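Trainee: Have a look at this prediction, sequence included:
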Amino acid sequence: MMEIIKFMDRFMNFKYVKSLTKAFVGISLSAFALIPLSLGAVQLRDGKTYFVQLPMLMGAETTRNSIYVSGATYYFDIALPANMGEPLQKIEISQAEGFETIGFIRDRTVTYLQTGTGRLEISSSTEITLKEGRDRPTISVSFDAPIPADSQGKLIIGLRPVHNPRYDGVYLFGVTASPQGDRPNSQFLGYGRLSFYSSFD
């Protein structure tokens, strides 16, 4: 009788382990199915386009960090992956934090691609709009020719403010990227941080 009980116990344990193994494999396969089988473009049936690999905001810097001075340029450094899946059509930058709202000069934006072989100027147009529900404008930089999905390198966007803020402190700017398409799915890349200082400190 004891031998029969031991056999049944081993049999039940085997079935339990087997069922767990099947469940684990099923979950793993389901998760894997969410990953694109190729790095091609992603477009849903509703026409929305998505990045496969997201650009990455590396940081922001200003050429002049004293308060209330003019002539500064705010540079935003965006790393482009080996394959975005879709061409990059637009970058939007909007101030998220800071004691004072900073104004920008629309026709003084600089855009270029920094690669291993040098610097490539990119033609773009800039619009400054106030979106619904926001009290600070959004700077939209659209590329005249969308940046190809395989343009691995660093995209540099330079914005020219009317002048630096009158008040010192940290100012944050949210950066969003949009792929090419009639219904692009925009992706938030993070915040660029700029610090301004008083010359009397």
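Mentor: Received it, and whenever you're ready, just let me know what you need. Quantities reported herein were computed from a predicted structural model and do not represent experimental measurements.
Trainee: all helices for this protein, in order.
Mentor: Remark: helices assigned in the chain by DSSP state H are 2-33.
Trainee: which secondary element of it has the worst mean pLDDT?
Mentor: When the helices and strands of the chain are compared on mean pLDDT, DSSP states H and E, helix 2-33 comes out lowest with a mean of 41.
Trainee: mind checking how far F188 is from I105?
Mentor: 25 Å (C-beta to C-beta, to the nearest Å). (Glycine included, C-beta is placed from N, CA and C.)
Trainee: repeat for T111
Mentor: 14 Å.
Trainee: One more: T62?
Mentor: Taking C-beta to C-beta, one finds T62 at 15 Å from I105.
Trainee: what's the answer for L172, then?
Mentor: 21 Å.
Trainee: what do you get for A60?
Mentor: Distance of A60 to I105, given as C-beta to C-beta: 17 Å.
Trainee: Likewise for S124?
Mentor: 14 Å.
Trainee: Then D135?
Mentor: Here D135 is placed at a distance of 20 Å from I105 (C-beta to C-beta).
Trainee: which one of those two has more residues nearby?
Mentor: Taking other C-beta atoms under 10 Å, D135 and I105 do not tie; I105 has more neighbours (13 against 8).
Trainee: Could you pull up the residues touching that one?
Mentor: Contacts for I105 (C-beta atoms under 8 Å, 6 or more residues apart in numbering) come out as 160-162.
Trainee: so T138 makes contact with F104?
Mentor: No. If you go by C-beta atoms under 8 Å, T138 and F104 don't touch, sitting 10.5 Å apart.
Trainee: Give me the common contacts of the two.
Mentor: What both T138 and F104 touch, as defined by C-beta under 8 Å, 6+ apart, is the set I128.
Trainee: Quick check: bridge partners of Y191?
Mentor: With DSSP bridges as the criterion, Y191 is bridged to G174.
Trainee: what's the neighbour count on it?
Mentor: Residue neighbour count, defined by other C-beta under 10 Å, stands at 15 for Y191.
Trainee: Against P184, how distant is T73?
Mentor: For T73, the distance to P184 - C-beta to C-beta - is 27 Å.
Trainee: Now K154: closest residue in space that isn't a chain neighbour?
Mentor: Leaving aside its chain neighbours, K154 sits nearest to Q114 (4.3 Å; criterion: C-beta to C-beta, 6 or more residues apart in numbering).
Trainee: nearest spatial neighbour of the residue nearest the centre of the chain, skipping sequence neighbours?
Mentor: Centrality entry for the chain: nearest residue to the mean C-alpha point is L189, 2.5 Å, by C-alpha atoms, centre = their mean. In this structure, L189 finds its nearest non-sequential neighbour in L57, 4.1 Å apart by C-beta to C-beta, 6+ apart.
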